[in-house]
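Provide a 3D model corresponding to the input given below.
(3 chains)
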Amino acid sequence: MDRYREESRLIMQIVARSGAAIEQMSVDEAYLDLSPFCQGNCADDSLRLALPIARQIKQSIRAERQLTASIGIASNKLLAKLAADHKKPDGLTVIEEAKKIQFLRALPVRALHGVGRVTAEQLNQARILTVGDLQDHAGDLRALVGSFGPILKRFALGEDDRPLDLSGDVKSISSENTFLRDTDDRRILRTTLRQQAADIADELQKKRLAAKSVQVRVRYSDFTTLTRQLTFEDSTTEAAAIYNFGCHLLARHRLVNRPLRLLGLGVSNLVPPGQQMLLPLKA
DNA sequence: TCTGGGGTCCTAGGACCC
DNA sequence: TCTGGGGTCCTAGGACCC
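Take a look at the predicted model:
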């Protein structure tokens, strides 16, 4: 895994040479905003101006890392991702504004960002199978998918105004383990929790953060999954404290009343370390 | 996919305060 | 004492993404 991370870092360095603003999504995926370098006479002209930059990135990755990369060029994140996935190992796909409706029509609804197993099932039951069906749907999608309705409609039409998230802010850090065999052996559970607390404390230190909430997660043999969390006034960076809160949560809610398939520990409510509590001001 | 691990966001209910 | 409304915080679960 560390090999992956290192490779990822090197490739992101190559990508960064484009000068574009970058939002890294995972070890092997990132969005680039090339709009400052690609101002054409019309939207599709601008997209075409991105082509040589994309070719250069692919070539550098191949020359320097002996790896292929798939790139999608489009006017927003939704379409760029679909374009990148269009041809997989070594692709370069442009979705032009003039052709986006047509490109989307035949795709299953599941292809759209935010449509997972459950939402796809909801839509399918209403006989909405493809993105084309969504485009043609006259009624209010809120009846089917709640507040996601208006966004889903826009996605179906290839419209997406989500900006790149360049902040790099982390909201939570967690670690979990699935046991080879379900267990309620306290020694095994304590050892696991202690290691997880140590890993989390390491990450907190690397990211220069402290946590104000601790959360445990258990999963039983029937796949029932429970989480319990605790928020405190002072923040912590210490493995021992995180471990203790984890033990406390497990005990207080009697979560180990049968063997566990999975045990997880996490922190959230992250703040700069050593931050003092703000005292309420009274006039 | 009889199901691994690390995340984010949304919703809904309850507690608490004014 | 009971009633009401609004706002905020915490908690838990679930859907989704990579």
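
Give me the contacts around the helix or strand A:D45 falls within.
Here A:D45, judged by DSSP states H and E, is contained in helix A:43-49. Residues outside helix A:43-49 that contact it (CB atoms under 8 Å, 6 or more residues apart in numbering): A:S35, A:F37, A:C38, A:Q39, A:G40, A:I73, A:A74, A:S75, A:V94, A:E96, A:E97, A:A98. C-beta here means a position set from N, CA and C on the backbone, and glycine is covered the same way.

at 7 Å what do you get?
A:C38, A:Q39, A:G40, A:I73, A:A74, A:S75, A:V94, A:E96, A:E97, A:A98 (CB atoms under 7 Å, 6 or more residues apart in numbering).

and the second one, how many residues sit next to it?
One way to gauge burial is a neighbour count; for A:Q39, by other CB atoms under 10 Å, it gives 9.

quick one: the closest residue to it other than its chain neighbours from DNA strand C, how far?
Nearest residue to A:Q39 in three dimensions, chain neighbours excluded: A:S46, at 6.1 Å (CB to CB, 6 or more residues apart in numbering). If you measure A:S46 against DNA strand C using CB to the nearest atom of the strand, to the nearest Å, the figure is 23 Å.

Run a quick neighbour tally on A:I14.
18.

A:A63 is in contact with that one, correct?
No. The criterion here is CB atoms under 7 Å, and A:I14 misses it with A:A63 at 9.4 Å.

Tabulate the CA atom coordinates of the longest helix seen in chain A in CSV.
Assignment by DSSP state H gives helix A:186-206 as the longest helix of chain A. Provided in CSV are the C-alpha atoms of helix A:186-206 (Å, rounded to 0.1, in the frame of the first residue of the first chain):
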residue,chain,number,x,y,z
ARG,A,186,-11.3,-9.2,25.3
ARG,A,187,-7.5,-9.6,24.8
ILE,A,188,-7.8,-9.7,21.0
LEU,A,189,-10.3,-6.8,21.1
ARG,A,190,-8.1,-4.7,23.3
THR,A,191,-5.0,-5.3,21.2
THR,A,192,-6.9,-4.4,18.0
LEU,A,193,-8.3,-1.2,19.6
ARG,A,194,-4.9,-0.2,20.9
GLN,A,195,-3.3,-0.6,17.5
GLN,A,196,-6.1,1.4,15.8
ALA,A,197,-5.7,4.1,18.4
ALA,A,198,-2.0,4.3,17.7
ASP,A,199,-2.6,4.5,13.9
ILE,A,200,-5.2,7.2,14.4
ALA,A,201,-2.9,9.2,16.7
ASP,A,202,-0.1,8.9,14.1
GLU,A,203,-2.4,10.4,11.5
LEU,A,204,-3.5,13.2,13.7
GLN,A,205,0.1,14.1,14.4
LYS,A,206,1.0,14.0,10.7
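
residue contacts, A:G40?
A:G40 touches A:S46, A:R48, A:L49, counting by CB under 7 Å, 6+ apart.

again with A:A16
Under the criterion of CB under 7 Å, 6+ apart, the contact list for A:A16 reads A:I22.

Write out the residues of the stretch 1-150 of chain A neighbouring DNA strand B.
Proximity of the stretch 1-150 of chain A to DNA strand B is confined to A:G146, A:S147 under the rule CB under 7 Å from any atom of the strand.

A:L262 is in what secondary structure piece?
strand A:260-271.

What residues sit buried inside that strand?
By 16 or more other CB atoms under 10 Å, the buried positions in strand A:260-271 come out as A:L260, A:R261, A:L262, A:L263, A:G264, A:L265, A:G266, A:V267, A:S268, A:N269, A:L270.
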